[in-house]
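Student: Quick one: sequence plus predicted model below, questions after.
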Amino acid sequence: MNNQGATVRRAKEDAVDMDFERAVMRKVYWRLVPLLFLAMFMNYLDRFNIGFAALKMNHDMGFSPAVFGFGASMFFFGYMLLGVPSNLVLFRVGARRWLGLVLVVWGVVAASTAFIWSEGSFFSLRFILGMVEAGYLPGVALYVTYWFPAAYRARAVGGYIIAGQVSAVVGSPLSAFLMTTFQQVLGIHDWQWMFLLEGLPTVLLGLVFLSMLTDRPANAHWLSPRERDWLTQRLADERAKQDAGRPIPLSAMLTDLRVWSLAILFGCALVGIYGLLVWLPQIVKSLGHLSLMQIGLLSAVPPLLGVIGTLIVSWNSDRTGDRKYHLAALYGVAGVMLAGSAFAPSPVLAYLMLCVVGLCINSGNSLFWSINASLMTGVAAAGSIAFVNTVAQFGGLVGPWMIGVVKGYTGSYSMALFAMACSLILSALITLSLRVRREVPAGAVAPAPSSAD
């Protein structure tokens with residue numbers, strides 16, 4: 001009877017501890033993730049709204065397609081240049097100050113695109129925008145490791161990473177609405193209003209970051225002392241276990257095969273992700289005689305499915321503790337479906353396959369960043385996260401360009417889609433080869449301390 005009573009007491013204590021833990025993580029999630037989501041939304045909106053501006057801007061500025069294409073690609077050159085240095089600065093000065101400053105500067109640069117006066121000014125601002133935005137995504141991936149234990153990390157990453165898909169769904173009609181509403185208001189072109197009205201909110205959001213973001217749990221006055229102590233200790237225990245008490249030097253990322261594997265893996269995935277992001281409306285248009293409104297609505301479905309898939313996949317990944325096989329399955333299915341859409345016997349079947357592709361490739365982002373953020377700790381983590389993201393941007397340079405070249409050479413999208421499919425399948429195979437450990441599921445974690453507040 002005594003043993004049975006002790007077992008019952010321990011079960012009750014464990015239940016109380018888990019309730020405490022979940023309450024803490026809910027508080028952290030709803031304090032931080034909505035802010036990161038809004039910034040991620042603006043990150044993608046300010047990055048890709050030039051596609052809509054080009055409908056009028058190219059004519060007003062006298063830009064040829066070649067000039068516009070080169071200007072668009074300048075973003076990625078700038079992005080690749082400063083990803084690693086920016087994350088190292090964040091590690092040294094703190095997330096609140098650095099991410100807030102990044103948002104303010106990129107908002108100013110994005111809004112300033114409204115006042116370009118030449119090809120050179122267009123190229124320069126796109127290059128600068130790429131350099132400034134380079135600090136956000138890897139910086140937030142590092143910041144999440146300061147707040148979320150591994151068992152909760154995929155849901156946290158998924159909570160803000162879906163903003164990219166939401167931006168793809170909402171950004172198109174938003175930009176079209178602004179350009180339609182603000183035609184020659186105060187003598188300013190519609191595309192100039194679009195840059196101003198989509199860039200300036202990012203500046204305001206940067207100021208919100210400076211006032212509301214907290215660098216580390218130990219500094220969080222919005223947590224109780226017990227909550228701060230538990231979260232700080234939990235994260236410290238994970239870091240100690242991860243590197244066995246030995247600090248990992250920054251140079252380790254350059255010799256770690258996992259880091260290079262992740263960079264190549266994500267780069268191959270970005271060939272498909274950015275390729276579809278840029279070309280999906282034209283691919284949908286090629287499937288039949290559709291109006292612009294029909295094309296816009298149909299093009300919004302794949303990223304919308306990606307939002308739903310991200311939430312479900314992230315939750316299941318945290319529940320099981322698995323990242324690797326979830327990610328490999330998503331990229332593998334996406335590759336097979338993309339290849340199938342290239343040679344589908346009917347436009348309807350081809351479109352349905354593209355919807356599955358959109359669901360899978362977008363759902364994998366949170367898993368990838370969770371794996372990337374868990375490889376190392378300290379300054380090595382800051383460097384490796386940014387290094388992987390920087391190298392992987394070759395996919396942003398190759399994907400859209402490759403589709404255009406293959407389409408121009410063959411006269412159809414079939415071989416271009418098949419080439420992207422091969423790239424996604426390669427990503428799946430590299431994922432399967434990764435040597436990463438399974439995380440402890442969220443329901444099987446160490447109990448919280450019982451010290452008083």
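Tutor: That came in fine, so what should we check first? Keep in mind that what you see is a predicted model, and the values were worked out from it rather than measured. Numbering: from 1, shown residues only.
Student: can you pull the pLDDT of Phe115?
Tutor: The model reports Phe115 with a pLDDT of 92.
Student: any idea how far it is from Ala53?
Tutor: To Ala53, Phe115 is 13 Å away according to C-beta to C-beta, to the nearest Å. Heads up, the C-betas are built off the backbone N, CA and C, glycines and all.
Student: Regarding stretch 103-121, how distant is the last residue from the first?
Tutor: Start and end residues of stretch 103-121 are separated by 21 Å (C-alpha to C-alpha, to the nearest Å).
Student: on that earlier part again, more neighbours: Phe115 and Ala53, which one.
Tutor: Neighbour count, other C-beta atoms under 10 Å: between Phe115 and Ala53, Ala53 has more, with 23 against 12.
Student: And the residue most central in space within the chain, how far from Leu205?
Tutor: Closest residue to the average C-alpha location of the chain: Ile161 at 4.3 Å, with C-alpha atoms, centre = their mean. Distance of Ile161 to Leu205, computed by C-beta to C-beta: 17 Å.
Student: OK, contacts around Gly71?
Tutor: By C-beta atoms under 8 Å, 6 or more residues apart in numbering, the contact list for Gly71 reads Ile50, Phe63, Glu119, Phe122, Phe123, Arg126.
Student: Between which two of those is the distance greatest?
Tutor: Greatest spacing in the contacts of Gly71, by C-beta to C-beta: Ile50 and Glu119 (13.8 Å).
Student: what about those two, which has more around it?
Tutor: Ile50 (23 against 16).
Student: I figured Trp191 was touching His59, is that so?
Tutor: No: using C-beta atoms under 8 Å, Trp191 makes no contact with His59, being 9.7 Å away.
Student: all strands of the stretch 51-200 of the chain, in order?
Tutor: Taking DSSP state E, counting those that start in this stretch, the stretch 51-200 of the chain contains no strands at all.
Student: what about it, any weak spots by pLDDT?
Tutor: 55, 65-66, 69, 83-84, 87 (pLDDT under 70).
Student: how about the helices in it?
Tutor: Ranges of helices within the stretch 51-200 of the chain are 65-93, 95-112, 119-133, 136-145, 150-181, 190-212, based on DSSP state H, counting those that start in this stretch.
Student: what's the offset of the first one from the middle of its chain?
Tutor: Think helix 65-93. 15 Å (C-alpha atoms, centre = their mean, to the nearest Å).
Student: Check which helix or strand the residue nearest to Val170 when sequence neighbours are not counted maps to.
Tutor: Distances taken as C-beta to C-beta, 6 or more residues apart in numbering put Phe41 closest to Val170, at 7.9 Å, once the chain neighbours are dropped. Following DSSP states H and E, one finds Phe41 within helix 2-48.
Student: ok, Asn49 to His221 distance?
Tutor: 37 Å.
Student: out of the two, which sits in the busier spot?
Tutor: Neighbour comparison, Asn49 and His221: the larger count goes to Asn49, with 24 against 8 (by other C-beta under 10 Å).
Student: Which pLDDT value belongs to the more buried one?
Tutor: 78.
Student: so it makes contact with Ser175?
Tutor: Yes: using C-beta under 8 Å, Asn49 is in contact with Ser175, at 5.3 Å.
Student: Which neighbours do those two have in common?
Tutor: Met194, Glu198.
Student: just to revisit the earlier point, would you enumerate the residues in contact with the residue nearest to the centre of the chain?
Tutor: Met40, Thr310, Asn365, Ser366, Trp369.
Student: Quick check: nearest residue in space to Leu359, chain neighbours excluded?
Tutor: Leu305 (4.0 Å).
Student: For stretch 75-89, which outside residues touch it?
Tutor: By C-beta under 8 Å, 6+ apart, stretch 75-89 touches 47, 98, 102, 126-135, 138-139, 142, 250, 379, 382-383, 385-387, 389-391, 393, 396-397.
Student: Now a PyMOL select for only the buried ones of the residues you listed.
Tutor: Command for PyMOL that selects the buried part of these, burial taken from 16 or more other C-beta atoms under 10 Å:
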select buried, resi 47+98+102+126+127+128+129+130+131+132+133+134+135+138+139+142+250+379+382+383+385+386+387+389+390+391+393+396+397
